[in-house]
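Visitor: Turn this into a structure:
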Amino acid sequence: MTNNTSTPSQTTDPVFVAEQQHLSDIYAKLTELSQITARKLETSARLAAQDKEAMAQELTANFDTADDILETLADFEAVNRIIAGYNLSQTVEAEKLAALEVLLRQPYFAKIDVQFKPDAPAKSLYLGTAGVSDENYKRLVVDWRSPVAEVYYNQEMGPTSYVAEGRTIDVDLLLRRQFDITKDILHAYFDTNVAIEDSLLLASLSHQRSAHMRDITATIQREQNSVIRHADVAALLVSGIAGSGKTSVLLQRIAYLFYQERQTLDPSQVFLITPNEVFAHYIDSVLPDLGERNPEMVTWDVFAQSLLPKGRGIGDISTPLERFAEIDSALSSFEFDVHDFRDITLHGVRLISADSIRKLSEKYHRAPAGPHRVTLIREELVHRLEGRLKTMATSESAQLEAASLEVNEQLALFNETYDPQTEDEARALTLTYLNHKFAEAFTQVENDEWLRIDRIGMRLLRTDGLTSVEWLYVKMAVTGLCNAEARYVMVDEVQDYSVAQLTVLAKYFRRAHFLLLGDPNQAISEISSSYDEIADVFKRACGEVSRADLMTSYRSTPAITELFAQLARHDDQLKISSIQRQEQIPEIISCPDEESWKEALCDAVEAAQQKDGLCAIIVPFKHAAKRIQAALGTNAPELLSERGSLPESGVVLLTLKLAKGLEFDRVIIPDASERLYPNDDITRRRLYTTISRATRELTILSAGKLTPLLDD
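Guide: As a prediction, this is how the structure comes out:
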C-alpha cells in the first residue's frame with residue numbers, strides 16, 4: 001500500500017505529481033464544461049421563451065370547417081413538438097449541469113487500470129459520484145454505478161469480471177487506486193486491494209458525526225456492494241448487524257436503481273418507509289449530494305393516516321394474521337347490505353343519497369361485491385355527481401351564490417368578474433364555482449368514502465370494532481385500494497414492524513419490489529417480527545424472497561463492537577467484527593447510591609460538552625428522561641421530539657426509539673441498572689441497540705446494581 005500525504009516528498013513522488021496534474025486538467029475541463037452547459041441552459045431558455053411568444057401570436061384556432069379543424073390541430077401538434085423538444089433539451093442539460101456541480105466538489109475518488117485483452121494496453125478509468133464526458137464523448141469520469149466500476153468494489157486484483165447488458169466481460173485488474181481529493185487538490189493516494197486495509201474507509205470513519213448522514217460511495221465494501229448491485233428481485237431481505245451500513249446501502253441502492261432505470265424510474269415511484277421523522281431528516285441530504293432526488297419518504301404513521309378516516313388514531317398494530325385470513329375467506333361469499341352505504345354530503349348538501357348508491361350496487365349485482373363492483377359504482381358516481389352539479393348550476397340560488405362572491409374570489413375562479421351575458425354563460429360560470437365548492441365531494445367518491453368500511457369489517461370479522469390495520473386491510477380487500485404506480489418500496493428497521501403492518505404494506509404496494517433491511521438483534525418493540533415471519537409475509541405477497549447478510553461493523557471501535565456483540569444472538573456473535581482502530585475503552589460506572597449516581601452523571605455530561613462532535617444521552621423510554629433532566633438541573637438538554645432534528649454538535653437527549661439508525665461520536669447510558677434493564681430478551685436487544693449507537697466513546701452508568709446483562 002502506498003500512502004502519500006501532504007509532505008515535501010510529494011514533489012519527488014512521480015505518481016503523486018502525475019495524479020495531481022491529471023486532477024488539475026480534469027478539474028479545469030469540468031469547470032469549462034459547467035460554464036458551457038450553464039450558458040446553453042440560459043440561451044435555450046431565452047430562445048424557447050421567444051419562440052413560444054412568437055408561436056402564440058401566429059397560432060390561430062379555426063374550427064369553421066372540417067379542413068380548418070384538421071389544419072388547426074396540425075398546427076397545435078407542430079407547436080407541441082417544438083415545445084417538447086425544448087423541454088427535453090433543457091432536461092438533458094440541467095441533468096448534466098447537476099452532475100458537473102457534484103463533481104466539482106470532488107471530481108473522482110478512485111482509479112482502476114483494466115486490461116480487456118492480454119495483448120492490449122491497460123485502460124485507466126477514474127470513478128466518481130457521477131459520470132461525464134467531454135464534447136468529443138471521451139469519458140472524463142465514470143459513474144460509480146456503471147457496470148465496469150464493479151471491478152473496483154469487488155476488490156480482486158488480477159483476473160476478474162463484470163456484467164454489462166447481460167454479458168460477462170472478463171478483464172485483468174492491474175491497479176486499484178484510491179484518492180483523498182477536495183476540489184482540485186490531491187491530498188493523498190492509496191494503492192490497495194484488501195478491504196481491511198481500506199485507508200479511505202478508515203479515514204472516513206474517523207470523521208466526527210454530525211446532524212446528517214454522509215454517502216459512502218467512495219468506501220462501499222464488497223459485501224455492501226453485493227446488496228447495492230443485487231439483481232432486481234421481488235423482495236430482498238437483508239440482515240445486518242449494528243454499524244454494518246444498512247441504511248447507507250439502502251440509499252446507495254436507490255441511487256443505483258435510478259442510474260439503471262434512468263429513462264423509466266421517477267423518484268415518485270420509490271417509497272422509503274422510515275422509522276421516524278428524526279431519521280428522515282438525518283438521511284435527507286445523502287441522495288441530493290449524489291445528484292439524485294429523494295424518493296417519497298414516509299413513516300408508518302404518516303402512511304396509515306393518509307388512508308384512514310380523518311380523526312382516527314393509529315391504535316393497535318399487532319393484529320394476528322389469522323384475522324386477515326378471516327377477511328379474505330368471508331369476502332368469497334360477501335354481499336353488501338342496505339346499511340353498508342352512506343350519503344355523499346358536503347357543506348350541508350346531500351349530493352347523492354345512500355339509497356341511490358344501494359340501487360347502483362344492485363344494478364351491478366353480477367359483479368362480486370368487491371373491487372370490481374366498487375370500481376363500477378365509483379365510475380358511475382363520478383358521472384352522477386357531475387350531473388348533479390350541472391343541474392344545481394341552473395338554479396337561481398346557485399347563480400346568486402356565485403354572483404355574491406367577493407371580487408377577488410371571482411377573479412381567482414373565473415379570471416374575470418361574474419358578469420354573464422346569457423343564460424348559458426351564467427350556467428357555465430356557476431358550474432365552475434360549484435365544481436370548486438364541491439371538489440372534496442369528488443375526492444369522497446374516489447376514496448370510496450360512501451362505503452361504511454367499519455360496519456363491513458365488523459360484519460366480516462363478527463366483532464364490534466376494528467383496529468387500524470384491520471380497517472386498512474378491509475378497505476383494500478373490498479375496494480382494491482392500492483398504489484399501482486409504486487415500483488420500489490424500501491423498509492428500514494424492518495424488524496420493528498408487526499406482521500400485520502408488513503402485510504398491509506405488501507398489499508397496498510402490491511406491484512412494487514421490496515428491499516427490507518434490519519437487524520434481528522435490534523427488535524426493541526413488543527410487536528417486532530422475526531425474520532422468518534417477515535420472510536413468510538413477503539413470500540406470500542411476492543412469491544419469492546431473496547436474502548443477504550451484512551456482518552461487518554464499520555461504525556464502532558473494536559471494544560464497543562465487542563461489548564454489543566456479547567449481547568447479540570449466539571450465532572451472530574461468531575460473525576460480528578469491527579475494522580476500526582481501537583480508541584477509548586468503554587467506561588462502566590456502578591454507583592452505590594442516588595447521590596453518587598447524580599454526581600457521576602453530571603461529570604459525564606460536562607466532559608462530553610467540552611469535546612467536539614455529537615454526544616447522545618439515550619434513555620429507553622420517555623418517562624426515564626424526566627429523571628435524567630432533574631438530575632442534571634440547568635445543564636440538562638431538552639428531550640428531542642419526534643418531529644425534531646439532530647444538532648450539528650453538542651449533547652442531545654433522546655429515547656432509544658428515536659436513536660434507532662443514528663450514530664454518535666459518544667453515547668452516555670445514564671442508568672443501566674437492573675431495575676431499568678432486567679435480564680430478559682427484549683431488554684438485551686434494547687441494550688445492544690443503545691450501545692451500538694456509539695462510534696468512539698461509551699459511558700455506562702448505573703444507579704445501584706448494574707444490569708446482569710453486563711455482568712461479564
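
Visitor: Setting aside sequence neighbours, what's the nearest residue to L346?
Guide: A441 (4.7 Å; Cβ to Cβ, 6 or more residues apart in numbering). For every residue, glycine as well, the C-beta is placed using N, CA and C.

Visitor: The one you found contacts R350, correct?
Guide: No: if you go by Cβ atoms under 8 Å, A441 and R350 don't touch, sitting 10.5 Å apart.

Visitor: what touches both of these two?
Guide: I344 (Cβ atoms under 8 Å, 6 or more residues apart in numbering).

Visitor: which of those two has more neighbours?
Guide: A441 (24 against 11; other Cβ atoms under 10 Å).

Visitor: check which helix or strand covers that one.
Guide: helix 439-446 (DSSP states H and E).

Visitor: Would you indicate which residues of the helix or strand just after that helix are buried?
Guide: Using DSSP H and E, the helix or strand that directly follows helix 439-446 along the chain is helix 453-461. Residues of helix 453-461 classed as buried by neighbour count (16 or more other Cβ atoms under 10 Å): I453, D454, I456, G457, M458, R459, L460, L461.

Visitor: before we move on, what about stretch 433-447?
Guide: Quick answer for stretch 433-447 (16+ other Cβ under 10 Å): Y433, L434, N435, K437, F438, A441, F442, Q444, V445, N447.

Visitor: Leaving out chain neighbours, which residue sits closest to A231?
Guide: S546 (8.0 Å).

Visitor: Run through the residues that contact that neighbour.
Guide: H230, A231, V233, A235, L236, L237.

Visitor: Now it: phi and psi?
Guide: Taking degrees, to the nearest 10, you get phi -90, psi 150 for the backbone angles of S546.

Visitor: What separation do you get for it and E663?
Guide: In this view, S546 and E663 are 27 Å apart by Cβ to Cβ, to the nearest Å.

Visitor: Closest one of the contacts of S546 to A325?
Guide: A235 (20.3 Å; Cβ to Cβ).

Visitor: so who does the closest one touch?
Guide: A235 touches H513, F514, L515, L516, F538, K539, A541, C542, E544, V545, S546, counting by Cβ under 8 Å, 6+ apart.

Visitor: Tell me who's in contact with the first one.
Guide: So that's H513. So H513 contacts D232, V233, A234, A235, L236, R487, Y488, V489, C542 (Cβ under 8 Å, 6+ apart).

Visitor: and if you look at the fourth one?
Guide: Taking Cβ under 8 Å, 6+ apart, we find L516 in contact with A235, L236, L237, V238, M490, V491, V494, I534, F538.

Visitor: any idea how far V491 is from the first one?
Guide: Pointing back at A235 there. In terms of Cβ to Cβ, A235 sits 10 Å off from V491.

Visitor: what's the overlap in contacts for these two?
Guide: Residues within reach of A235 and of V491 at once, by Cβ under 8 Å, 6+ apart, are F514, L515, L516.

Visitor: which one is the last one nearest to, not counting chain neighbours?
Guide: Using Cβ to Cβ, 6+ apart and skipping the chain neighbours, the partner closest in space to L516 is V494 (4.3 Å).

Visitor: got any ranges where the stretch 551-700 of the chain has weak pLDDT?
Guide: Residue ranges of the stretch 551-700 of the chain with pLDDT under 70: 570-583.

Visitor: count of neighbours near the nearest residue to K657 once chain neighbours are set aside?
Guide: The shortest distance from K657 to any non-neighbouring residue, by Cβ to Cβ, 6+ apart, is to N276 (7.0 Å). Counted by other Cβ under 10 Å, the residues lying close to N276 total 22.

Visitor: Touching, N276 and A659? I think so.
Guide: No: using Cβ under 8 Å as the test, N276 is too far from A659 to be in contact (9.8 Å).

Visitor: ok so, going back, can I get the buried residues of helix 453-461 in a markdown table with pLDDT?
Guide: Listed next are the buried residues of helix 453-461 as a markdown table, based on pLDDT from 0 to 100:
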| residue | pLDDT |
| --- | --- |
| I453 | 97 |
| D454 | 96 |
| I456 | 97 |
| G457 | 96 |
| M458 | 96 |
| R459 | 95 |
| L460 | 95 |
| L461 | 95 |
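
Visitor: Name the residues of stretch 100-117 that come out as buried.
Guide: L100, V102, L103, Q106, P107, Y108, F109, A110, K111, I112, V114.

Visitor: so which of these comes closest to S333?
Guide: V102 (58.2 Å).

Visitor: With adjacent residues omitted, what lies nearest to that closest one?
Guide: G291 (4.4 Å).

Visitor: so the one you found makes contact with G131?
Guide: No: counting by Cβ under 8 Å, G291 does not reach G131; the two are 10.2 Å apart.

Visitor: Now for those two: what residues contact both?
Guide: In contact with both G291 and G131: A99, using Cβ under 8 Å, 6+ apart.

Visitor: How many residues are close by S397?
Guide: Quick note: S397 (other Cβ under 10 Å) scores 9 neighbours.

Visitor: whoops, I mixed them up, A535
Guide: A535 has 17 nearby residues by other Cβ under 10 Å.

Visitor: host element of it?
Guide: helix 531-542.

Visitor: cool, and V151?
Guide: Going by DSSP H and E, V151 is part of helix 150-154.

Visitor: For that helix, the averaged confidence score.
Guide: Helix 150-154 carries an average pLDDT of 91.
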